[in-house]
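Enquirer: Below are the sequence and a predicted model for it; my questions follow.
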Amino acid sequence: MYNLISKTFDIGDGRTITIETGKLAKQADGSVVVKMGNTMLLATVCAKKEAGENVDFMPLTVDYQERYAASGRFPGGFLRREARPSDYEVLISRLIDRALRPLFPDDYHADTQVLVYLMSLEEDTLPDCLAALAASAAIAVSDVPFTSPISEVRVARVNGKFIINPTRTQIAQADIDLIVAANLKDVNMVEGEMKEISEADMLEAIKFAHEAIKIQVKAQIELAEAVGKAKKEYSHENNNEELKKAIFAACYDKCYAISGEGIANKKIRGEKFKAVIEEYIATMPVEEYEANEFLVWKYYHDVEKKAMRDCVLATRKRLDGRALDEIRPIWTEVDYLPSTHGSAVFTRGETQSLTTVTLGTKLDEQIIDGAVIEGTSRFLLHYNFPPFSTGEVKFMRGTGRREVGHGNLALRALKVCVPEGFPYAIRIVSDVLESNGSSSMATVCAGSLALHDAGVAMKEHVSGIAMGLIAEGDKYAVLSDILGDEDHLGDMDFKVCGTSKGITACQMDIKVDGLSYSILEEALAQAKAGRTHILGKLNEAIAKPREDYKPFVPRIVTLEIATEFIGAVIGPGGKHIQELQKETGTTISIEERDNKGIVEIAGANKEGVSAAVDRIKGITASPEIGKTYHGTVKKLMAFGAFVEILPKKEGLLHISEYDWKKTDDIANVLKEGDRLDVKLLEIDPKTNKLRLSRKALLPKPEGMDKKPATNTAPAAE
């Protein structure tokens with residue numbers, strides 16, 4: 001038996017969300033089912049009773065997984081079972097993790113695992129906007145310590161109206177698509193894409209989302225009260241107050257001084273900071289240091305963090321000497337790799353991206369076969385972050401979640417400026433060669449340059465900037481183009497991308513409570529100024545896309561044909577299309593779309609592409625009375641010749657229609673394979689047979705009877 005406890009609330013337009021607990025997965029520390037329409041998610045949380053030794057962070061693991069049965073489908077592949085998570089699942093896992101992580105107590109360090117499963121899917125209801133709500137609710141009804149429940153909603157603007165958790169259809173029509181996470185008081189995570197909107201519009205969308213989130217957080221609090229499970233007591237930190245005070249007294253002033261030196265090189269700066277603690281350690285008895293090694297480095301980290309933050313707030317200067325709104329020096333180069341379709345290097349301070357663009361055909365599209373998302377993608381962006389970019393040695397274990405997330409942000413920023421109907425599939429690859437903050441934004445800038453270099457008719461350049469924040473009480477500093485240390489030791493990482501017209505993508509993580517909308521508004525205004533500066537640098541490198549693609553880029557021509565001709569182009573078993581590709585050196589793909597046949601012809605040789613186009617036009621063309629055709633003699637008969645005027649379409653050129661003067665034997669003037677111009681005189685309405693004339697294209701000799709000769713022989717198809 002079970003004791004079901006549930007809470008239902010309205011989200012507008014007559015739609016409701018229900019959270020229930022006590023029925024499923026009761027051995028987990030906390031579990032809930034969240035329902036919206038026929039979409040259902042199961043979320044669980046389990047935590048170890050004790051923390052590991054010498055742990056000073058929150059060891060949180062979050063995994064979102066889709067069950068294909070949720071949408072009544074089989075998984076693909078040979079195994080026919082769910083395997084590694086898709087990029088979509090990884091991105092949702094990151095959304096949940098980033099929203100939850102700041103809300104655990106600072107001194108709680110027990111391994112905690114949150115699992116969210118998609119169990120049922122309603123076709124037009126996306127589950128990503130419900131996943132963090134489910135995860136937070138599972139923690140809320142558990143005994144795992146949590147400072148405050150959060151929730152996450154999607155907000156879209158369709159025809160000027162904001163909608164909470166819109167349908168897929170509505171999202172397709174929206175100019176704002178944001179996921180926002182918050183607790184009752186504060187927003188702590190934002191991510192999404194937009195169609196060149198203003199900062200004011202984005203702020204309005206966030207505020208609208210926050211009001212909806214407050215309702216969902218209150219519902220979780222009420223659900224937790226109804227369950228009545230007390231939060232567990234814990235003691236996960238051992239402290240030595242005397243050691244803490246000693247390290248502060250010995251190291252703070254030295255760290256403050258280094259913070260104010262304005263050292264741009266992060267390695268030199270890091271070595272100076274490290275020398276401070278090493279100097280202190282040298283004064284300690286060996287036994288005391290060995291017994292307290294973990295605490296020594298922990299306390300020193302806290303001292304370094306406080307000194308850096310205090311210095312910035314007091315001097316309004318940053319670790320590398322820049323003003324708060326100053327952008328690091330930028331240099332760029334396009335067409336760096338001569339054999340790629342497009343390439344660019346973008347370097348900002350100690351962050352560098354080498355990005356390439358490859359243009360492909362429809363056959364290069366990515367096939368997406370997820371439980372929620374199906375179809376193909378013509379625009380891909382892959383972000384790579386090798387260990388040498390930070391001067392480190394690490395195992396190469398494949399694409400990590402961070403790489404998937406950063407790549408997705410850059411993709412969203414750029415794709416809005418690719419023209420609709422662009423015939424090529426596009427793959428952008430960003431290899432981060434140096435990293436000291438904001439490598440995803442360097443990817444956006446390098447990607448925009450590389451697309452221009454490749455000749456993609458971009459609407460305009462897209463730039464990106466990462467904003468930071470240091471806040472202590474009433475004092476705060478908004479930082480433009482943050483360093484890695486400023487991200488690590490600061491309170492905000494707010495990435496904003498866009499064109500001169502407006503914002504195209506954003507990603508914000510807040511690490512503290514109490515970020516006011518006024519500070520957020522200031523950060524957006526400062527980000528706009530920074531983006532504008534960077535756009536100027538991009539335009540200096542290459543102001544407009546190249547007028548033509550590079551010589552080795554495949555040329556693509558797209559044709560529309562009637563659906564009834566698709567089979568004729570392909571041929572039995574693909575015979576016709578295979579022969580055509582071989583003869584013309586092209587790649588041809590055909591699909592039915594909007595009751596039309598869309599033919600894509602690609603090839604490096606322009607002549608081959610043109611020949612393929614002519615052949616397909618011939619196959620799909622309908623003979624027109626009165627039109628002149630350059631035909632091929634296929635067969636000679638006593639009464640005339642059969643001439644192919646279009647592929648597989650022949651007509652009869654009667655001997656009397658060859659010339660104005662009498663022709664005794666057609667074989668005396670024509671042979672099979674000859675090419676000649678003929679005019680289509682007639683199409684028999686009953687048999688569709690074609691009657692051709694060469695004579696009609698010739699000037700009539702003077703004095704000849706104007707009455708044309710009568711054709712008594714049968715016509716031919």
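Expert: In hand now; what should we look at?
Enquirer: could you pull out the helices for the chain?
Expert: Using DSSP state H, the helices of the chain run over 87-100, 128-140, 168-172, 199-227, 241-259, 266-282, 286-315, 401-415, 439-454, 484-489, 517-541, 566-570, 575-584, 606-620.
Enquirer: what stretches of the chain score poorly on pLDDT?
Expert: Scanning the chain for pLDDT under 70 picks out 514, 705-717.
Enquirer: can we see that at 50?
Expert: 709-717 (pLDDT under 50).
Enquirer: Residue 95 versus residue 513, what's the distance?
Expert: If you measure residue 513 against residue 95 using CB to CB, to the nearest Å, the figure is 20 Å. (Each C-beta comes from the backbone N, C-alpha and C, glycine too.)
Enquirer: Neighbour count for the two, which is higher?
Expert: residue 95 (23 against 14; other CB atoms under 10 Å).
Enquirer: If you tally nearby residues, what's the number for residue 579?
Expert: 12.
Enquirer: quick one: the nearest residue to residue 113 once chain neighbours are set aside and residue 101, what's the gap?
Expert: Leaving out its chain neighbours, the residue that sits closest to residue 113 by CB to CB, 6 or more residues apart in numbering is residue 61, at 4.7 Å. For residue 61, the distance to residue 101 equals 11 Å [CB to CB].
Enquirer: quick one: which of those two has more around it?
Expert: residue 101 (16 against 12).
Enquirer: was I right about that one contacting residue 58?
Expert: Yes - using CB atoms under 8 Å, residue 101 is in contact with residue 58, at 6.1 Å.
Enquirer: ok, back up a step: ok, which of the helices of the chain comes nearest residue 8?
Expert: Residue 8 sits nearest to helix 199-227 of all these, at 8.1 Å, using CB to CB.
Enquirer: Check which residues of the closest one are buried.
Expert: 199, 201-202, 204-206, 208-210, 212-213, 216-217, 219-220, 223-224, 227 (16 or more other CB atoms under 10 Å).
Enquirer: Likewise for stretch 190-198?
Expert: Buried, per 16+ other CB under 10 Å, within stretch 190-198: 190-194, 196-197.
Enquirer: how much space between the closest residue to residue 667 other than its chain neighbours and residue 684?
Expert: Among residues not flanking residue 667 along the chain, residue 636 sits closest, at 5.6 Å (CB to CB, 6+ apart). From residue 636 across to residue 684, the span is 22 Å (CB to CB).
Enquirer: So if I had to pick from those two, which one is more boxed in?
Expert: Taking other CB under 10 Å, residue 636 and residue 684 do not tie; residue 636 has more neighbours (16 against 13).
Enquirer: Specify the beta-bridge partners of that one.
Expert: Going by DSSP bridges, residue 636 is paired in beta bridges with residue 641.
Enquirer: thinking again about what came up before, mind putting the helices of the chain into CSV with distance to residue 594?
Expert: Output for those, formatted as CSV (distance: least, CB to CB, whole Å):
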stretch, distance to residue 594
helix 87-100, 26
helix 128-140, 28
helix 168-172, 15
helix 199-227, 32
helix 241-259, 61
helix 266-282, 53
helix 286-315, 56
helix 401-415, 22
helix 439-454, 27
helix 484-489, 46
helix 517-541, 36
helix 566-570, 14
helix 575-584, 21
helix 606-620, 17
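Enquirer: So for residue 107, which of these sits nearest?
Expert: Per CB to CB, nearest to residue 107 of the helices of the chain: helix 286-315, 11.8 Å.
Enquirer: How about that closest one, which residues are buried there?
Expert: 292, 295-296, 298-300, 303-304, 306-312.
Enquirer: Mind giving me the packing neighbours of that helix?
Expert: helix 241-259, helix 266-282, strand 463-472, strand 475-480, helix 484-489 (3 or more CB pairs under 8 Å, 6 or more residues apart in numbering; DSSP states H and E).
Enquirer: now, of those, which is deepest in the fold?
Expert: strand 463-472 (a mean of 24; mean count of other CB atoms under 10 Å).
Enquirer: Just the angle for that one relative to helix 286-315, thanks.
Expert: Calculated by axes from the mean of the first three to the mean of the last three CA atoms, to 10 degrees, strand 463-472 forms an angle of 110 degrees with helix 286-315.
Enquirer: returning to that earlier point: need the contact list for the residue nearest to residue 667.
Expert: For residue 636, the contacting residues are 642, 666-667, 670-672, by CB atoms under 8 Å, 6 or more residues apart in numbering.
Enquirer: if we go to 10 Å?
Expert: Contacts for residue 636 (CB atoms under 10 Å, 6 or more residues apart in numbering) come out as 642, 665-667, 670-672, 674.
Enquirer: and if you look at residue 483?
Expert: Residue 483 neighbours (CB under 10 Å, 6+ apart): 264, 266, 269, 318-320, 322, 328, 349-351, 436-438, 466, 468, 489-490.
Enquirer: Tell me, how many residues neighbour residue 457?
Expert: So residue 457, with other CB under 10 Å, has 14 neighbours.
Enquirer: again with residue 96
Expert: Residue 96, neighbours per other CB under 10 Å, totals 27.
Enquirer: That one and residue 106: what is the separation?
Expert: Between residue 96 and residue 106 the computed distance is 20 Å (CB to CB).
Enquirer: Over to residue 626?
Expert: Per CB to CB, residue 626 is found 85 Å from residue 106.
Enquirer: ok, of the buried residues of helix 286-315, which one's closest to residue 154?
Expert: Nearest member of the buried residues of helix 286-315 to residue 154, counting by CB to CB, is residue 309, at 33.9 Å.
Enquirer: wait, residue 451 sits on residue 410?
Expert: No - the criterion here is CB atoms under 10 Å, and residue 451 misses it with residue 410 at 11.6 Å.
Enquirer: who's more crowded, the two?
Expert: Between residue 451 and residue 410, counted using other CB under 10 Å, the more crowded position is residue 410 (32 against 27).
Enquirer: okay, now the residue nearest to residue 385 when sequence neighbours are not counted: neighbour count?
Expert: Once flanking residues are discounted, residue 385 sits nearest to residue 432: 5.0 Å by CB to CB, 6+ apart. Using other CB under 10 Å, residue 432 is surrounded by 24 other residues.
Enquirer: Distance check, residue 432 against residue 47.
Expert: For residue 432, the distance to residue 47 (CB to CB) stands at 34 Å.
Enquirer: what's the answer for residue 39, then?
Expert: Applying CB to CB to residue 39 and residue 47 gives a distance of 27 Å.
Enquirer: Could you do residue 226 as well?
Expert: Using CB to CB, residue 226 is found at 22 Å from residue 47.
Enquirer: now swap in residue 462 and tell me
Expert: Taking CB to CB, one finds residue 462 at 42 Å from residue 47.
Enquirer: Also residue 365?
Expert: Residue 365 sits 43 Å away from residue 47, going by CB to CB.
Enquirer: neighbour count winner among the two?
Expert: Per other CB under 10 Å, whichever of residue 365 and residue 47 has more neighbours is residue 47, with 25 against 17.
Enquirer: Cool, thanks, signing off.
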